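Enquirer: test case, fold it:
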Amino acid sequence: FLALYSMPPKTPNPRIRATESPAKDPESWKVLNLGLALLLALLVGHLQRTYIETLVENGIYFSALTDLEREMTFRSEQALYYSYYKDMLASFNRHDSSLAGFIDGIKTLTSNNVTEYPATINVLQRFNIYPEVILATIHHVLRDFLSPNCYAVKRDEAGLPPLSTCSGWGDPLVFYLRSVFALQAVLGAGIVLLCWYASGRSLAAPIVAAFTLFFNFTEFTRVMWSPPLRESFAMPFLPYQLLAVLCILRAPAPSTRHWVALVVSTFLFALPWQFAQFALLTQCASLFALYLLDRLDRSRLRAMLLCELFALALVWLLQLGSLFLLLSFIVAFNLAVLAVLSLHERIAIIDSISVWLRRVLVGLLVVITTIVIKGGWSQLFDMKDDTHIVDILRAKWDSTFMDFHVQLYVCSPEFDFLSAEYRTMSTTLLMPTAALVLLFIVHREFLPLFFNVKRNGPARPDWAYLALQTVLFFIMAALIMRLKLFMGLLFFVLVSLLPTAELYDSFSKLRSKPLLYAIGALFIVGGSIAGRANINEQISRLGEYQNVPLEQLIDFARNTPVHASFAGSMPLTASIKCSANRPIVNHPHYEDVGIRNRTFFLYRVYGHFPEREVWLPLRDYNATYLILDSSWCAVQRSYGCNVRDHYDISYPAYAHLEEFCLVWSRETFTEYFEKVFDNGTYKVVRVRHPREILKERVRARS
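Expert: As a prediction, this is how the structure comes out:
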């Protein structure tokens with residue numbers, strides 16, 4: 001960022017329209033302004049990290065939890081990701097040489113047969129787990145300088161034996177969590193710097209954004225409740241990636257430093273998170289829209305798309321040739337735009353037709369080319385891993401559409417539409433104020449393109465981009481609530497422009513500094529009414545995590561043979577792998593067609609099936625034990641959100657049978673299964689081997 005800001009002036013390219021006028025402030029004020037912005041960024045970053053740690057401590061009494069209980073707070077895919085951090089640490093501990101331990105850890109991940117037992121998969125290629133690899137390596141390198149403080153935790157009140165726990169950076173789990181929280185400080189600092197630059201280096205903008213961030217904190221992040229999620233590692237770099245884009249859009253002649261900043265920030269954002277490609281897709285679409293509206297020149301757009309493709313290529317190489325990324329919509333769209341740009345240069349007749357007809361034709365050509373590239377590559381490589389994405393969007397519009405895999409997504413609150421969030425973000429004035437600023441930007445940047453409206457100030461393509469990007473992020477969040485973190489970030493940026501004089505070029509009476517500062521102060525005061533209540537409500541949540549049934553289940557799994565494999569609901573199998581280090585047959589990382597097919601067969605346990613139909617896929621996958629979760633059994637949800645609903649449609653001949661999991665509330669031994677554990681919440685049945693069943697049948701006949 002400092003390299004971008006301190007870039008020496010260059011002679012503008014005469015073919016590129018300059019959009020950033022030379023600074024009029026004295027050099028000393030520029031240095032002081034930058035210093036104050038950096039100081040404010042550090043302060044907000046520190047406050048965000050401290051706030052998150054406070055919420056975690058208050059919410060689950062983290063300091064008093066045992067190591068096992070801390071791991072148990074990681075549910076579903078969180079536990080799966082954290083397990084690979086433990087695998088890397090275990091590899092280091094097996095070797096005296098750090099290099100040998102690292103190589104062994106990488107081999108363990110690239111040839112892993114405990115995640116989708118009995119198959120062997122390349123975890124580095126399939127999942128985005130480089131954060132765990134990096135953190136485990138750093139912890140191992142610094143282990144001699146980090147000393148944990150360990151002690152025993154008595155649990156007499158719960159009737160449980162005492163267990164050890166540790167504090168300090170030397171403890172692997174504490175190191176992992178504190179590293180995640182430190183990244184959130186990077187995120188907070190990035191929001192401040194992004195708002196400061198977008199406003200034209202006004203110090204009032206990041207102050208407004210900082211208050212808005214904490215007033216709407218839980219609407220923007222969930223890192224305090226789910227630290228290992230991939231967004232916790234990717235989002236801290238998104239503000240810097242957006243900052244690089246704004247710098248390129250505003251610079252008269254972008255230098256090498258601009259392009260390097262864009263590549264590095266895009267790479268850091270895309271490496272930890274598979275969903276980052278959808279945010280980048282909307283970004284490239286927004287930049288292409290600017291080009292169609294003649295707000296971005298062809299050469300600059302081409303360079304930006306090439307930089308993003310180069311960053312994605314680096315991610316693809318580190319993921320050892322992931323087809324999910326290579327055949328993604330973002331790659332197809334960028335290639336389509338680059339192809340159309342080259343075609344546009346070579347066919348002069350395109351420029352001779354009317355402006356709006358040209359824009360429509362070029363836009364349609366890009367869409368068609370994207371579909372052809374994406375469809376062709378998917379057919380060529382038989383790629384079906386991302387087909388559920390289209391099905392999820394279809395299910396949003398067609399309520400009659402039912403698909404087993406899609407319903408596992410859309411019935412989850414994270415993939416639902418935005419609902420209560422509208423009210424929450426409105427009471428703090430975030431959403432209505434962001435909408436108001438968006439209208440001002442539309443009036444300033446887009447109305448002159450459609451109507452005979454004179455713009456009083458210079459064009460701001462960076463603001464035009466922010467407006468388009470905000471609209472696309474809002475659409476994403478409205479459809480899938482989990483993606484509201486993208487929308488929230490852009491809302492903070494828009495709201496920070498409230499006290500910026502340039503926003504009101506067409507309204508001269510609003511341009512006085514005292515009035516602008518008063519507007520910003522009024523917004524903070526108005527939002528603080530609900531904002532302070534939100535902060536107080538979050539801090540006052542006092543709790544203590546305890547899950548005795550799950551701990552008993554994990555203790556049972558730890559006492560099974562090392563090669564015993566487990567099948568069951570995806571959240572539970574992930575916990576078994578993480579805390580018991582046992583092979584699992586299915587897991588919650590659902591972006592693979594193979595694991596989706598596995599889950600469809602393994603979840604028969606929650607449908608109306610005869611025993612043999614449940615036993616057959618378990619035999620095929622060499623499962624030793626099957627875990628039954630009472631909370632999943634005979635639960636009444638809305639139609640389509642019950643697993644058995646889909647099986648009744650696919651297998652109507654079995655619909656009259658009793659749900660399989662209900663049978664084991666009273667059975668202990670059958671021809672195909674034997675109950676070996678039951679604590680009321682979880683039941684574990686042993687999957688009997690075919691030879692065992694055959695011997696029993698022969699003995700019964702004789």
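Enquirer: longest helix anywhere in this protein?
Expert: Ranked by number of residues, the top helix in the chain under DSSP state H is helix 27-60.
Enquirer: which secondary structure elements does that one contact?
Expert: helix 172-198, helix 204-215, helix 513-539 (3 or more CB pairs under 8 Å, 6 or more residues apart in numbering; DSSP states H and E). The way it works is simple: take the backbone N, C-alpha and C, and place the C-beta from them, glycine included.
Enquirer: any idea which of those helices is most buried?
Expert: Ranked by mean neighbour count, the helices and strands packed on helix 27-60 are led by helix 204-215 with a mean of 25 (mean count of other CB atoms under 10 Å).
Enquirer: the inter-axis angle of that one versus helix 27-60?
Expert: Angle, helix 204-215 to helix 27-60, by axes from the mean of the first three to the mean of the last three CA atoms, to 10 degrees: 0 degrees.
Enquirer: for helix 204-215, C-alpha coordinates in CSV please.
Expert: What follows is helix 204-215, C-alpha atoms only, in CSV (Å, rounded to 0.1, in the frame of the first residue of the first chain):
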residue,chain,number,x,y,z
ALA,A,204,-13.4,11.7,8.1
ALA,A,205,-14.3,8.7,5.9
PRO,A,206,-12.4,6.0,7.8
ILE,A,207,-13.8,7.3,11.1
VAL,A,208,-17.3,6.9,9.8
ALA,A,209,-16.5,3.5,8.5
ALA,A,210,-14.9,2.3,11.8
PHE,A,211,-18.1,3.2,13.8
THR,A,212,-20.2,1.6,11.1
LEU,A,213,-18.1,-1.6,11.2
PHE,A,214,-18.6,-2.2,15.0
PHE,A,215,-22.3,-1.2,14.9
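Enquirer: for that helix, what is the distance to the chain centroid?
Expert: Distance of helix 204-215 from its chain centroid, counting by CA atoms, centre = their mean, to the nearest Å, is 23 Å.
Enquirer: give me the mean pLDDT for it.
Expert: Helix 204-215 shows a mean pLDDT of 93.
Enquirer: check what pLDDT R532 gets.
Expert: R532 is given a pLDDT of 91.
Enquirer: pull the contacting residues for it.
Expert: When contacts are counted by CB atoms under 8 Å, 6 or more residues apart in numbering, R532 touches F215.
Enquirer: same question, M425
Expert: Shown in contact with M425 (CB under 8 Å, 6+ apart): 216, 219, 431, 488, 491.
Enquirer: now whatever helix or strand it lives in: average pLDDT?
Expert: Per DSSP states H and E, M425 falls inside helix 420-427. Average pLDDT, helix 420-427: 78.
Enquirer: can you check stretch 606-616 too?
Expert: On average, stretch 606-616 scores 88.
Enquirer: flag the shaky bits of the stretch 301-450 of the chain, pLDDT-wise.
Expert: 345-352, 399-400, 420-421 (pLDDT under 70).
Enquirer: can you pull the pLDDT of P8?
Expert: 45.
Enquirer: quick one, which of the helices and strands packed on helix 27-60 is nearest to Y621?
Expert: Closest to Y621 of these is helix 172-198 (CB to CB; 30.6 Å).
Enquirer: quick check: mean pLDDT across that closest one?
Expert: 95.
Enquirer: roughly how far out does it sit from the chain middle?
Expert: On the basis of CA atoms, centre = their mean, helix 172-198 sits 15 Å off its chain's mean C-alpha point.
Enquirer: now the angle from it to helix 27-60?
Expert: If you take the same axes, to 10 degrees, helix 172-198 sits at 140 degrees to helix 27-60.
Enquirer: nearest spatial neighbour of the residue positioned nearest the centre of the chain, skipping sequence neighbours?
Expert: Centroid-nearest residue in the chain: E231, 3.3 Å away (criterion: CA atoms, centre = their mean). Once flanking residues are discounted, E231 sits nearest to W273: 5.9 Å by CB to CB, 6 or more residues apart in numbering.
Enquirer: thought the one you found was touching Y130?
Expert: No - if you go by CB atoms under 8 Å, W273 and Y130 don't touch, sitting 10.5 Å apart.
Enquirer: the more surrounded of the two?
Expert: With neighbours defined as other CB atoms under 10 Å, W273 and Y130 compare such that W273 has more, 21 against 16.
Enquirer: and that one, backbone torsions?
Expert: Torsion angles at W273 (phi, psi; degrees, to the nearest 10) stand at phi -140, psi 120.
Enquirer: residues contacting it?
Expert: 128, 230-231, 233-234.
Enquirer: which of the contacts of M425 sits closest to F310?
Expert: G488 (28.7 Å).
Enquirer: can you pull the pLDDT of that closest one?
Expert: At G488, the pLDDT value in this model is 92.
Enquirer: rewinding a little: among the contacts of W273, name the buried ones.
Expert: Neighbour-count burial (16 or more other CB atoms under 10 Å) applied to the contacts of W273 gives 128, 230-231, 233-234.
Enquirer: from these, which land in helices?
Expert: 231, 233-234.
Enquirer: could you find the closest non-adjacent residue to P549?
Expert: Distance criterion CB to CB, 6+ apart; nearest residue to P549, sequence neighbours excluded, is T681 at 3.7 Å.
Enquirer: I'd guessed the one you found sits against S630; true?
Expert: Yes - look at T681 against S630 with CB under 8 Å: they come within range, at 5.4 Å.
Enquirer: more neighbours, the two?
Expert: S630 (18 against 15).
Enquirer: so who does that one touch?
Expert: 661, 680-683.
Enquirer: what of H388?
Expert: H388 makes contacts with 403, 405-406, 409, 590-591, 596, as judged by CB under 8 Å, 6+ apart.
Enquirer: do P254 as well
Expert: When contacts are counted by CB under 8 Å, 6+ apart, P254 is found next to 247-248, 300, 303.
Enquirer: likewise E544?
Expert: Counting by CB under 8 Å, 6+ apart, the residues that E544 touches are 60-61, 64.
Enquirer: out of the contacts of H388, which one sits closest to A185?
Expert: Of all the contacts of H388, E591 has the smallest distance to A185: 29.4 Å, by CB to CB.
Enquirer: that closest one contacts M383, correct?
Expert: No - contact criterion CB under 8 Å: E591 and M383 do not qualify, at 11.7 Å.
Enquirer: burial measure for F401, as a count.
Expert: 14.
Enquirer: kindly report the same for L338.
Expert: If we define neighbours as other CB under 10 Å, then L338 has 17 of them.
Enquirer: what residues are up against it?
Expert: 302, 305-306.
Enquirer: which one of these sits in the busiest neighbourhood?
Expert: In the contacts of L338, the most neighbours by other CB under 10 Å go to L305, 19 neighbours.
Enquirer: ok so that residue is a strand residue?
Expert: No - L305: not assigned to a strand; according to DSSP: H, G, I helix; E, B strand; the rest coil it is helix.
Enquirer: give the contact list for it.
Expert: 284, 287, 334, 337-338.
Enquirer: please tell me how far it sits from T470.
Expert: 21 Å (CB to CB, to the nearest Å).
Enquirer: what do you get for Y130?
Expert: Using CB to CB, which is the criterion applied here, Y130 is 30 Å from T470.
Enquirer: same check, this time on P458
Expert: Shown here: P458 relative to T470, a distance of 21 Å by CB to CB.
Enquirer: quick one: which of the two has more around it?
Expert: Comparing P458 with T470 by other CB under 10 Å, the one with more neighbours is T470, at 23 against 12.
Enquirer: what strand or helix carries that one?
Expert: Using DSSP H and E, T470 sits within helix 461-479.
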